[in-house]
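Participant: Got a predicted model here, sequence first, then my questions.
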Amino acid sequence: MTREMTGAKMVVQALKEQGVDTVFGYPGGAVLPIYDEIFQQNDIRHILVRHEQGAVHAAEGYARSTGKPGVVLVTSGPGATNAVTGLTDALLDSIPLVVLTGQVPTFMIGSDAFQEADTVGITRPCTKHNWLVKDTNTLASTIHEAFHVATSGRPGPVLIDVPKDVQFATGTYQPPKPSASHYQPVVKGDMEEITELVAAIETAKRPVFYTGGGVINSGPAASQLLRELVEATGFPITSTLMGLGAYPASGKQWLGMLGMHGLYEANMAMHDCDLMINVGARFDDRITGRIDAFSPKSVKAHIDIDPSSINKVIRVDIPIVGDVGHVLEDILKVWKSRGRKTNTEALAKWQGQIDEWRAVKCLTYEMSETTIKPQYALERLEALTKGRDRYITTEVGQHQMWAAQFLGFEDPNRWMTSGGLGTMGYGTPASIGAQIAHPDALVINVAGEASWLMNMQEMGTATQYRLPVKQFILNNERLGMVRQWQELLHGERYSHSWSEALPDFVKLAEAFGAKGIICKDPKDLDDAIMEMLEYDGPVIFDCLVEKHENCFPMIPSGKAHNEMLLGAAETQGVIQSGGAVLV
Amino acid sequence: MSALHIKKGASKHSAYNLRPNFSDTQERHTITVLVENEPGVLARVIGLFSGRGYNIDSLTVAEVDHTGHLSRITVVTTGTPQVIEQIKAQLGRIVPVHEVTDLTVAGPFVERELAIVKVVGEGEKRVEAMRLADIFRAKVVDTTLNSFIFEITGTPDKIDAFADLMRPLGLTKIARTGVAALLRGE
């Protein structure tokens, strides 16, 4: 099927053929022909955001909660530059996005035309790949290739820059031909390495699964295989921030999240294990802490679809390049065929050690009768939403870490957070994207007041599309994580880490046409949360919490996994000059 | 380590040699990259090196397959074995890259560079320059009564040696292409 049509029509046609149902975007001069085509059809729903950064984060929320690529349409110049933060965020967290930007007409490129920016130049380092389309005849095939690149191998954001004259001109539409691309990443793991890992699984005395976002990206089948392998071997499992939900938080083998603000038992298990099986994680610096003291006694296996992740930070003994789902399937097959062996005696002893660490109860905090502790607020949110079809997004900071610690995730694709880039302002638009994809689900953005203000304009989007997103703001009137670091590292000189002149969030909610709820007394909290959950529409929940609470446990910068701080006592001077330069 | 009996060494089945022996010594590697000759592809490669803090000692690029629109980039780089492995893996991630070959590992290989060298001088110096050029098999491609431009090809070392000899004889300008390299044999 090849047909003659305009470039603008081609864009819509290609998106339809790629199964796109939703586009997040914002119009402008250089994309008007495409918007004109969108106006004349009903297959693709366009969600008008309030800022292009919001469009990209919303598309990320959509993508992470569905497993499908998110699609964004913005104009040239500022439209494209505003998308840059979202693109970088998606690149670091491996989120598949296809971003279409308008561009000034080809004959004006390079002339400093109105709303001209070198979009492919600016976005080259923050996309997996990008294209400038100069000929309408290649537009459709480029869009199809873009979807292929965004979703194959390690997923990521791609961008297509479409000059306005290319949108107006007529050309021949090319239907998708997936095999046409030379880009075909390896998905099957090397059987020799897999067999070696199975042999290690059979004899390991102190094993641990360390899983990451790669399990989620591989699809629900990968999570199922992981669960099967964990149950069958009885090995303990921990996960990065990005991988929460791949293994259920209620699972018997679950250690909780690891890393800088991870659980004591998870980090201690990582430090003392003799076999570490990294499944789709990348030894991020939030995870490893001090590199030269990272899990010194273990044999390390690393399953990753991206060869560049292997040996990048931590040298591994069993490297397996491949898709997590495919590799887990092969591991299970080989392990079963060799008689399902594990070192049960040693595992029981290891479990005993883990139970000792667990008994430390590292998430313990001091309750208060008069002020709401942020941890308590999340415990109540967890209790009152348990069993519901629930999607959680977050902003970035203390609240994000507390959410990861205190909320339990039973399924993949239910947890959307900015992990690699740490983008404040991610949560509100991401909650909108997730709610668009799951109109009947409960979508909550756990936020801090400072992060939340960064993209609060998107409340307009929530109201316009009647999206009942719940903005659960843990308001401590501080940039909490910045304040915590200033306390630990800069002699309690709290330089610019207050949220001065905060708006009245209840009035703000009303101004946006949403419902506002304020709560400051722990006794009222349950009723207030129920009021939020029962309201059929967007809610801004201003939860006034303890202002000086610090997030623990914590591995201070430059320290190893077994040097965690468990509480507020003895935190002075813990970060030495070597660690102070680290972020 | 010993308890689990994991063997060390290279895995021949993997996409890359993923079990390198990491050390702190700086190594010089010649890497060739076959890429689709599309706009911006060189910027992607150079951006990778600058963005991740790798060194470029020399870089050459030209289209080598006009019908398939493929270009060969030859890059000479210096780094620890771990950095060299990362460079190759990161190059392999770039979407229009078809093939990454580390000639220093896969070798032996032939490497050649071309330079044109302007030498200005008179009398005995001029005669000596001409004589040395002959020894190095450099060609004269331009001459005036008091200057030569020599064209010389060879390994970067040979060109360095030639330039060092020409400097006292009146070398005023030199232009070098950077290294082009291919594996020996089939």
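Facilitator: Received it, and whenever you're ready, just let me know what you need. Quick caveat: nothing in here was measured; it's all calculated off a predicted structure.
Participant: where are the low-confidence patches of chain B?
Facilitator: Along chain B, the parts satisfying pLDDT under 70 run over B:1-22.
Participant: any idea where the strands of it begin and end?
Facilitator: Here chain B has its strands, by DSSP state E, at B:27-36, B:58-65, B:70-79, B:97-102, B:109-120, B:139-144, B:147-154, B:171-183.
Participant: buried residues in the longest one?
Facilitator: To tie it back to what came earlier, the one meant is strand B:171-183. Within strand B:171-183, the residues scored as buried using 16 or more other Cβ atoms under 10 Å in any protein chain shown are B:171, B:174, B:176, B:178-181. Every residue, glycine included, has its C-beta placed from N, CA and C.
Participant: repeat for the fourth one
Facilitator: Under the neighbour-count criterion of 16+ other Cβ under 10 Å, strand B:97-102 has B:97, B:100-102 buried.
Participant: angle of it against strand B:70-79?
Facilitator: For strand B:97-102 against strand B:70-79, the angle by axes from the mean of the first three to the mean of the last three Cα atoms, to 10 degrees is 40 degrees.
Participant: wait, does strand B:97-102 contact chain A?
Facilitator: Yes: using Cβ under 8 Å from any Cβ of the partner chain, strand B:97-102 reaches chain A at residue B:98.
Participant: how far off strand B:109-120 does that strand point, in degrees?
Facilitator: 90 degrees.
Participant: any idea how far residue A:89 is from residue A:63?
Facilitator: Residue A:89 is 11 Å from residue A:63, where distance means Cβ to Cβ, to the nearest Å.
Participant: Need the contact partners of the helix or strand encompassing residue A:400.
Facilitator: Using DSSP states H and E, residue A:400 sits in helix A:398-406. Helix A:398-406 has contacts (Cβ atoms under 8 Å, 6 or more residues apart in numbering or on different chains) with A:241, A:244, A:256-257, A:261, A:263, A:363, A:374-375, A:378-379, A:382, A:392, A:394, A:417, A:446-448, A:451, A:474, A:476, A:480-481, A:484, A:549-551.
Participant: per-domain residue ranges of the chain.
Facilitator: Defaulting to chain A. Chain A breaks down by automatic domain parsing into domains covering A:3-180, A:191-358, A:374-544.
Participant: Wait, chain B was what I had in mind.
Facilitator: Under the assignment automatic domain parsing, the domains of chain B span B:17-107, B:110-183.
Participant: what would the ones you listed look like in CSV with distance to residue A:187?
Facilitator: Shown next, in CSV, are the domains of chain B (distance: least, Cβ to Cβ, whole Å):
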stretch, distance to residue A:187
domain B:17-107, 15
domain B:110-183, 29
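Participant: List the contacts of residue B:97.
Facilitator: Neighbours of residue B:97 in contact, by Cβ under 8 Å, 6+ apart: B:33-35, B:91.
Participant: Considering these, which is situated nearest to residue A:368?
Facilitator: residue B:91 (55.2 Å; Cβ to Cβ).
Participant: Please report the distance of the closest residue to chain A within chain B from residue B:97.
Facilitator: Proximity of chain B to chain A (Cβ to the nearest Cβ) peaks at residue B:89, 3.6 Å away. Per Cβ to Cβ, residue B:89 is found 11 Å from residue B:97.
Participant: same thing with residue A:36?
Facilitator: Taking Cβ to Cβ as the measure, residue A:36 falls 38 Å from residue B:97.
Participant: what residue ranges in chain A are flagged as low confidence?
Facilitator: Looking at chain A by pLDDT under 70, you get A:1-2, A:569-580, A:583.
Participant: Spell out which parts of it neighbour chain B.
Facilitator: So far as Cβ under 8 Å from any Cβ goes, chain A lies against chain B at A:120-121, A:124-125, A:128-129, A:132, A:149, A:154, A:182-183, A:186, A:190-193, A:196, A:199-200, A:203-205, A:274-275, A:299, A:306-308, A:310-312, A:315-319, A:321.
Participant: Thank you, goodbye.
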